[in-house]
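>>> Next come a sequence and a model predicted from it.
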Amino acid sequence: MILITIYVFMPYYVSTVAETPVAGQALVAQAGQIAGWMVALTAPLLGVVVDRMGPRKPMLTVTVLLMLPLHVVLWWVMPGGPIGPFAVLLIVAAGQLLFAWTEVFHNALLLPAAGAKAAQASGLGLALGNFCSVLMLVFVLWAFSLPGSVDWAWVPTAPLFGIDSAAYEPARLAGPIVAASLCIGLACILLGVPDVRSSGERMGSALSHGLADLRAMVRELRQEKQATRFLFARMIYADGKTAILLFGGVLAAGTMGWGTLEMLAYGIILSIFAVLGGLLAGRLDPRIGPKPAVLLEITLTGFALLGMLLTNPRRIYGLPFDPADRAPLWDGPMFTTWPELGFIAAACLAAVAITAAYASSRTLLTYLVRPERTGSFFGLYALSGTATMWMGPMLVAWGTLATQSQQGGFIGVFLLLAAGFALLLTVQAPRRLPSWSGG
């Protein structure tokens, strides 16, 4: 998904297809708002329904199949093409909604599939996901963007398969590539991951009883105080992390003056470090506990963001740098100056910390709720991560307008990270994972 949302398609749409970058960014934010509202209405109910019916795989399969045409149709999004801004708005919003649904089902599979090794499985899953993203970014860079830009023996002399860079086809191809990867990932889950036994309850009954369960769960939140407090904390700091993911590429392109070639390479580097973030969470969670791990990961995210904001072609972490006095570090097509490398280093730390926090947060919830209620609470978990995802973009927009600078737009992000950190400090988490007795 990061090929679409962060590194390839969305930057292409905002910078090339939209009437103006401001209009494109506003459209992406509006799509996030719509998706967030729909997730708020549906994710908790999906969680209690899957708890009642038992198996997670059938609903996951349907959701993924619904996502496929939404990604494939992105191929036809181009300047002056047949898909206008309103259609793009609906496609992006629907894609984000369905992706949030898949998170409910994926997360509800975590304990049945991994049991006591949920922490390691959570981190490994995110690491493998980012590793696959690296492979796809490398392929797009090697097959479509580098040909014609460099004279390297291992790079094709022209884009493969007749892809036309002048028609923006490498960026438009991101949707179909992601659709193909979803099919492969779904097949791996269907063939290799154990599921929960069926309860025998049908969809209609599960929906009607699920609504009653949802009302009971809302009342139950008063008893599950620690889980509830954690979900509110995550809602706040996840908004800050999501804003960094959504606008970090925009910040890099605007501040450092990078184009498509540099952004693809930037995405590959960050995705590699995101793999390390998933592996780091798998190590930290069982050793120091998932709550201290999340607190550490939020702190590192804040420091990394500060480093990114204090770096531009004439500054490195706030220290002056005169490019006229320094020769290029190497004779290559990109990243030849110290400020560029400094920005990338800070962004890599952010990638590690953000990915690790996602994995550790998921593990922490399994420590806070009874195993038989994981589906229900992961519905609320998806809600806490996406229902207010409009907040980060809104604060970035306000900060940018108030300060008239890209860096000033991230002031609100620091506030979200700090508020989430402070609320998480009040959560009392057990040292051990509850045992799983389901089948």
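Done, it's in. Numbers count the residues shown, from 1 in each chain.
>>> show me where the stretch 51-200 of the chain has helices.
57-72, 85-108, 110-114, 118-140, 169-172, 174-192 (DSSP state H, counting those that start in this stretch).
>>> Report the angle between the second one and helix 174-192.
In other words, helix 85-108. Relative orientation of helix 85-108 and helix 174-192, computed by axes from the mean of the first three to the mean of the last three CA atoms, to 10 degrees: 20 degrees.
>>> Which other helices and strands does helix 85-108 contact?
helix 21-53, helix 57-72, helix 374-386 (3 or more CB pairs under 8 Å, 6 or more residues apart in numbering; DSSP states H and E). Any C-beta I mention is one placed from the backbone N, CA and C, and that applies to glycine too.
>>> try 10 Å
helix 21-53, helix 57-72, helix 118-140, helix 174-192, helix 338-368, helix 374-386 (3 or more CB pairs under 10 Å, 6 or more residues apart in numbering; DSSP states H and E).
>>> Run the angle between it and helix 21-53 for me.
40 degrees.
>>> what angle separates helix 85-108 from helix 338-368?
Using the same axes, to 10 degrees: helix 85-108 against helix 338-368 is 50 degrees.
>>> quick one: buried residues of helix 85-108?
85, 88, 91-108 (16 or more other CB atoms under 10 Å).
>>> Spit out the contact partners of Ala357.
Listed by CB atoms under 10 Å, 6 or more residues apart in numbering, the contact set of Ala357 reads 234, 237-238, 241, 277, 281, 293-298, 300-301, 364, 417, 420.
>>> Give me the pLDDT value at it.
pLDDT recorded at Ala357 is 91.
>>> same deal with Ala304?
In this prediction Ala304 is given a pLDDT of 96.
>>> gap between it and Ile298?
Distance, Ala304 to Ile298, using CB to CB, to the nearest Å: 11 Å.
>>> shared neighbours of the two, anything?
By CB under 10 Å, 6+ apart, the residues touching both Ala304 and Ile298 are Ala353, Ile354.
>>> where's stretch 412-421 relative to the chain centroid, distance-wise?
Between the centre of stretch 412-421 and the centre of its chain there are 18 Å (CA atoms, centre = their mean, to the nearest Å).
>>> again, but for stretch 53-63
With CA atoms, centre = their mean, you get 22 Å for stretch 53-63.
>>> Same check on stretch 184-191?
For stretch 184-191, the gap between its own C-alpha mean and the chain's C-alpha mean amounts to 20 Å (CA atoms, centre = their mean).
>>> for stretch 299-314, same thing?
The mean C-alpha position of stretch 299-314 is separated from the chain mean by 20 Å, CA atoms, centre = their mean.
>>> Please shift the residue numbers so they start at 55 in all later answers.
Will do, 55 is the new start, and the previous item becomes stretch 353-368.
>>> buried ones in it?
Leu354, Thr355, Gly356, Ala358, Leu359, Leu360, Gly361, Met362, Leu363, Leu364, Thr365, Asn366.
>>> just the residues you listed now: which is nearest Leu95?
Thr355 (29.4 Å; CB to CB).
>>> How about that closest one: what's its closest non-neighbour residue?
Ala407 (4.3 Å; CB to CB, 6 or more residues apart in numbering).
>>> does that neighbour really touch Leu338, like I thought?
No - taking CB atoms under 10 Å as the definition, Ala407 is not a contact partner of Leu338, at 11.1 Å.
>>> which stretches of the stretch 205-354 of the chain aren't confidently modelled?
268, 271, 274 (pLDDT under 70).
>>> Poorly predicted segments of the stretch 355-493 of the chain, please.
Applying pLDDT under 70 to the stretch 355-493 of the chain picks out residues 379, 381, 386, 425-430, 432-434, 436-444, 485-493.
>>> Mind doing that once more with 90?
366-368, 372-392, 409, 412-466, 482-493 (pLDDT under 90).
>>> picking up where we left off before, how many other residues sit next to the residue nearest to Thr355?
27 (other CB atoms under 10 Å).
>>> Ok, Ser262 next?
Using other CB under 10 Å, Ser262 has 12 other residues around it.
>>> Let me see the contact set for it.
By CB under 10 Å, 6+ apart, the neighbours of Ser262 are Val103, Arg106.
>>> And it, its phi and psi?
Main-chain torsions, Ser262, degrees, to the nearest 10: phi -70, psi -40.
>>> returning to what we had before: and Phe284, which of the helices of the stretch 105-254 of the chain is closest to it?
helix 139-162 (14.2 Å).
>>> Give me the average confidence score over that closest one.
Across helix 139-162, pLDDT averages out at 84.
>>> In contact with Leu265, which residues are there?
Leu265 neighbours (CB under 10 Å, 6+ apart): Leu99, Val102, Val103.
>>> Export these as a markdown table, with columns for neighbour count and distance to Ile88.
Formatted as a markdown table, the contacts of Leu265 follow (neighbours: other CB atoms under 10 Å; distance: CB to CB, whole Å):
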| residue | neighbour count | distance to Ile88 |
| --- | --- | --- |
| Leu99 | 18 | 18 |
| Val102 | 26 | 23 |
| Val103 | 25 | 22 |
